[in-house]
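here's a sequence, model it:
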Amino acid sequence: MIIRFAEIPPQGLALEIADQSWFPDHELERHGVARAAVTLSRDRERVIFAGWLEATVSLLCDRCLESYRHQVDVRFSLHLELSGRGEEATAYGEIEHACSREEMDTIFLDDDLVDVADLLTQQVFLSLPAKNLCSRDCRGLCSACGSDLNRDDCGCAVEAKNSPFAVLKVLKTS
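This next block holds a predicted model:
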């Protein structure tokens with residue numbers, strides 16, 4: 001769904017997204033229905049894109065490689081602004097802009113179009129964890145035989161590695 005800045009009425013525009021086509025099903029496995037609602041409002045030359053989205057996705061644990069379900073529940077507020085206003089071109093013809101602290105949640109657009117589906121997809125990916133863990137206590141895989149240590153101990157001997165920090169173990173803590 002693409003909306004022009006000029007199509008947003010002065011009182012704003014509220015959308016409840018029932019269509020599932022915005023969800024990146026080709027990159028994430030979704031369980032159930034993804035829900036989203038957004039509001040678009042004008043603030044002079046800017047559009048404020050705010051709302052929430054909820055979905056359940058499958059991720060692979062980085063330690064044990066098992067699939068687990070992750071609940072995506074995110075609230076967002078973004079400022080959309082046309083780029084190229086008031087900036088000067090560099091010697092190579094590129095436009096540079098130094099972002100202030102207030103502009104860190106601003107997305108600069110080339111055209112006065114709001115691609116609602118693209119912005120929702122971005123918010124899904126931004127809400128995913130940096131480290132995928134099925135649980136905080138995940139023990140991962142055995143480095144020797146590859147067994148899942150969450151299910152049972154494999155019996156492989158744990159060999160102490162020669163670490164430069166091994167001498168710290170003998171220090172007294174008093």
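
distance check, Gly51 against Gly155.
From Gly51 across to Gly155, the span is 52 Å (C-beta to C-beta, to the nearest Å). The way it works is simple: take the backbone N, C-alpha and C, and place the C-beta from them, glycine included.

nope, Val116 is what I was after
Val116 is 54 Å from Gly155, by C-beta to C-beta.

settle it for me: which of these two has more neighbours?
Val116 (19 against 9; other C-beta atoms under 10 Å).

and for the closest residue to that one other than its chain neighbours, the neighbour number?
Counting by C-beta to C-beta, 6 or more residues apart in numbering, Met1 is the residue found nearest to Val116 once chain neighbours are left out, at 4.5 Å. Neighbour count for Met1, taken as other C-beta under 10 Å: 14.

contacting residues for Met1?
When contacts are counted by C-beta atoms under 8 Å, 6 or more residues apart in numbering, Met1 touches 15, 17, 19, 22, 115-117.

got it, and Leu28?
So Leu28 contacts 57-58, 124 (C-beta under 8 Å, 6+ apart).

buried ones among the residues you listed?
The neighbour count (16 or more other C-beta atoms under 10 Å) marks 57, 124 as buried among the contacts of Leu28.

which of the residues in stretch 22-34 are buried?
22-23, 28, 30, 34.

so Val114 touches Ile48, yeah?
No - look at Val114 against Ile48 with C-beta atoms under 8 Å: they stay out of range, at 10.5 Å.

those two - which one has more neighbours?
Between Val114 and Ile48, Val114 has the larger neighbour count (other C-beta under 10 Å), namely 23 against 16.

excluding chain neighbours, what is closest to that one?
Of all residues not flanking Val114 in the chain, Ile3 sits nearest, at 4.7 Å (C-beta to C-beta, 6+ apart).

what number of residues lie near that neighbour?
18.

how about it, secondary structure?
strand (DSSP: H, G, I helix; E, B strand; the rest coil).

separation between it and Gly51?
13 Å.

cool, and Arg139?
For Arg139, the distance to Gly51 - C-beta to C-beta - is 38 Å.

which of these two has more neighbours?
Using other C-beta under 10 Å as the criterion, Arg139 and Gly51 rank with Gly51 on top: 22 against 13.

doesn't the more buried one belong to a helix?
No - using three-state DSSP, the assignment for Gly51 is strand, not a helix.

sorry, back to before: which of the contacts of Met1 has the weakest pLDDT?
Least confident entry in these, by pLDDT: Asp19, with 86.
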